[in-house]
Each structure stands twice: as C-alpha cells, then as structure tokens.
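*Asks:* predicted model, plus sequence, below.
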Amino acid sequence: MLLKQGIKRAADKRKPIAGQRSVWVILMLLALSIGVAAAQGTEADWRQATPKELQALLPARATVVKEHIETEMRTASGITDGHGRFIAGVVLITAGYSADGKYSHYFVVQVPLQVGQLSLAPGEYVFGWQRDGDALDVHFYDAATGALHGDAKAMRIQGDTRVESFKIWPMQSKSLIQIGRFGIPYHLQK
C-alpha cells in the first residue's frame, strides 16, 4: 500500500498544473511570433542597395510592352531588405522609341508597396510624369502590357535636398521616391 501511494505521489509531481500549461502555451506563441517577425523583417532592416546589387537586378535593356529600351545604369537606385527583396528603378533612354514622352523610368517592386495613395503589387512597372504646377503627376504602368495602374502625386521636397534624376531613399531616412526636386512618399504594405 505504501509503495502504491509513493508511486502515485511521484506521478502526480510530473503532471503539469493547468496554470503551467497556459504559461508554456503563451511562451511558445510568443517565440513563434518573434520568429515570424524576424523572418519578415521590418522597415528598419531596409538599406540602400549597392551598385553591384542593382546591376544584377536591373536590366541593361528593359522590356517595355514590345520594345527593349536601354536603361541609364548610372541613375539606378534602390533599397533592399538584405534577404533578396528589392524596390529599385532606373531611368529609361526612350528617345527614338514609342515610349518617348510616356515613360521615363523602369521600376521593380518585390514587396507590396504603397506609393502615395497607389498600391503596387510585386512586379515590374514603368512610369512617366507630367508637370502640374509645383508638383508632378506620376503615372504607373505595367511594364509588360503598358496597362495603367494608377497615379501618384510627387510634391516638391522641402529643405536642402540635392536634385537627383532618380533616387529611392531608405525608409529610415526619408521614405521617398525622388524624381528631380520632387518626391513621392512610400511605405511597405502588410
């Protein structure tokens, strides 16, 4: 009888209490959510892409509808999360092509992106702009088909900013896509 009671007490000590189970469940869920957040990365993880990364990503001749238009690689700019995902673009040399006057830039988006009020899914785009007073109306098109995706407004950048033909600023600094003296705010979508 004493042996049976001793075995029962030892077995009871190994059984977790309901409260202990809850703590373990909470800890496991917390560890899982931290792992998912680390895998997805945050806006703080994005950095300026190197010229070598941009050269590997962006084409020397961008396919725009049915044409292969040269790009000006010295104007290439982009950002990366360091895990193979980029937001990047480059100026197109459109003189002599049917795209002349309609498109000015080739743009690669590898994550869902909000540009101004426009949502862009991952893909390849071209965009062009028209002056509208002290702003630019920027029109985004699908690179392969030329279908219009929508418009965004680029406003004059305030303060002392160098004029750039094209620059994508990392999210930690300005979170802007700069065209000349103008910028369109952007952010990642979930």
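*Replies:* Yep, it's here. Residues are numbered from 1 along each chain as shown.
*Asks:* quick check: next helix or strand after the helix or strand of the chain with the lowest mean pLDDT?
*Replies:* The weakest-scoring helix or strand in the chain, judged by mean pLDDT, DSSP states H and E, is helix 18-40 (a mean of 48). Moving toward the C-terminus from helix 18-40, the next helix or strand (DSSP states H and E) is strand 47-48.
*Asks:* give me the contacts around that following strand.
*Replies:* With contacts defined as C-beta atoms under 8 Å, 6 or more residues apart in numbering, strand 47-48 is touched by 78, 79, 80, 82, 170. Where C-beta positions appear, they are placed from N, C-alpha and C, glycine not excepted.
*Asks:* what do you get if the cut-off is 6 Å, keeping everything else the same?
*Replies:* residue 170 (C-beta atoms under 6 Å, 6 or more residues apart in numbering).
*Asks:* just checking: what are the partner strands of it?
*Replies:* The pairing partners recorded for strand 47-48 under DSSP bridges are strand 67-80 (antiparallel).
*Asks:* how far does the partner strand sit from the chain's center?
*Replies:* Put simply, strand 67-80 sits 17 Å off its chain's centre (C-alpha atoms, centre = their mean, to the nearest Å).
*Asks:* quick one: mean pLDDT over that strand.
*Replies:* Regarding strand 67-80, the rounded mean pLDDT is 97.
*Asks:* which strands and helices sit next to the helix or strand where residue 54 lies?
*Replies:* Under the criterion DSSP H and E, the helix or strand holding residue 54 is helix 51-57. Counting contacts by 3 or more C-beta pairs under 6 Å, 6 or more residues apart in numbering; DSSP states H and E, helix 51-57 packs against strand 86-92.
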